[in-house]
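Peer 1: Provide a 3D model corresponding to the input given below.
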Amino acid sequence: MLLAGAADGLLGALVDRLDRVNRRIEATVVPRTPDPFDAYEDLLTSIRFSRALHFGSGRDKHGFAGALSGEVVSVDADAAGLSRNAADLRVMGDGHRLPFADDTFDLVFSEFVFEHLLDPDAALREIDRVVTPGGHVVVLVPNPRHYYARIADHTPLWFHRFVHRLQRKRSPEEDAFPTLYRWGRYEDVTDPGLGGWRARTVQGFPGPTGYTRVTPFHAAFVLLDCLMACSIRYQVAYLAYYEVEGAKTTRRPVPAGR
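Peer 2: Below you'll find the model as predicted:
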């Protein structure tokens, strides 16, 4: 136990030093860019709504629901994550088949969920069904074309959790889930294929990601991101804001009691 504790201490000291050095490299090389979570929260708080759905909320570790003034319902298929969510209104539900009636919400928002979905198109149709005409949809999603997504797509879940542990994430087991990256390219977010949805804004974020800051290779990734920043099709993530203007694409009856 003593040896294990000493090894953890040495590893922690090395990781902290690498993180400090890599942050200085970033500050020197990378132009100042907006943080995607800050941009996401700013956009959400600018939208007027009466009832919102936090799609795939998990435990809402960033507290986005609490930053909004209207009624927010949190839905997630993960019971453990939902049990840690501080929201008053929490519902267990599969994003591919939402347990809500048609036209229930005038805002649906989701951050870094679509990369985990087995059938993103089905989830989009369900969002389309439950959002009101004239409503809003806000999605923050990683880009499957970015090198980080490609690396993550070919590494096992245990490695993701190991990286989270190196980054001193408080609950690495809660924050790392399998990724599929079946939706989120620039073409996907600019045209989700739903009648009546208008992409009001699509904002790209060029990186670099923070996932490599605990490695000695981060400087190489920083330079790669600088080269890729000129093309929005290869940026690390997108923030898409849609207005639902017209008739719904798909509807289905909601079972009694739901």
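Peer 1: how many neighbours does residue 87 have?
Peer 2: Other residues near residue 87 come to 19 when the count uses other Cβ atoms under 10 Å. Just so you know, the C-beta spots here come from the backbone N, C-alpha and C atoms, and that holds for glycine as well.
Peer 1: tell me if I'm right that it and residue 76 touch.
Peer 2: No: under the criterion of Cβ atoms under 8 Å, residue 87 is not in contact with residue 76, lying 10.3 Å apart.
Peer 1: overlap in contacts, these two.
Peer 2: residue 57 (Cβ atoms under 8 Å, 6 or more residues apart in numbering).
Peer 1: so residue 133 sits in a strand?
Peer 2: Yes: counting by DSSP: H, G, I helix; E, B strand; the rest coil, residue 133 is found in a strand.
Peer 1: give me the nearest residue to it, chain neighbours excluded.
Peer 2: residue 244 (6.0 Å; Cβ to Cβ, 6 or more residues apart in numbering).
Peer 1: just the CA atoms of stretch 111-126, as CSV, please.
Peer 2: The C-alpha coordinates for stretch 111-126 follow below in CSV (Å, rounded to 0.1, in the frame of the first residue of the first chain):
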residue,chain,number,x,y,z
GLU,A,111,-24.1,18.7,-24.5
PHE,A,112,-21.7,16.0,-25.6
VAL,A,113,-24.4,13.3,-25.8
PHE,A,114,-24.8,12.5,-29.5
GLU,A,115,-21.4,10.8,-29.8
HIS,A,116,-22.7,8.1,-27.4
LEU,A,117,-26.0,7.4,-29.2
LEU,A,118,-26.6,4.2,-31.2
ASP,A,119,-29.1,5.8,-33.5
PRO,A,120,-28.6,9.6,-33.5
ASP,A,121,-31.2,10.1,-36.3
ALA,A,122,-33.9,8.4,-34.2
ALA,A,123,-33.0,10.7,-31.3
LEU,A,124,-33.3,13.7,-33.5
ARG,A,125,-36.7,12.6,-34.7
GLU,A,126,-37.8,12.2,-31.0
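Peer 1: next, the buried residues of that stretch.
Peer 2: Neighbour counts over stretch 111-126 (16 or more other Cβ atoms under 10 Å) mark 111-117, 120, 123-126 as buried.
Peer 1: ok now stretch 114-128, how far from the chain's centre?
Peer 2: 13 Å (Cα atoms, centre = their mean, to the nearest Å).
Peer 1: ok, and what's touching that stretch?
Peer 2: Residues contacting stretch 114-128 (Cβ under 8 Å, 6+ apart): 53, 55-56, 95-98, 108, 137, 139, 141-142, 144, 149, 177-184, 192-194, 196-197, 244, 248-250.
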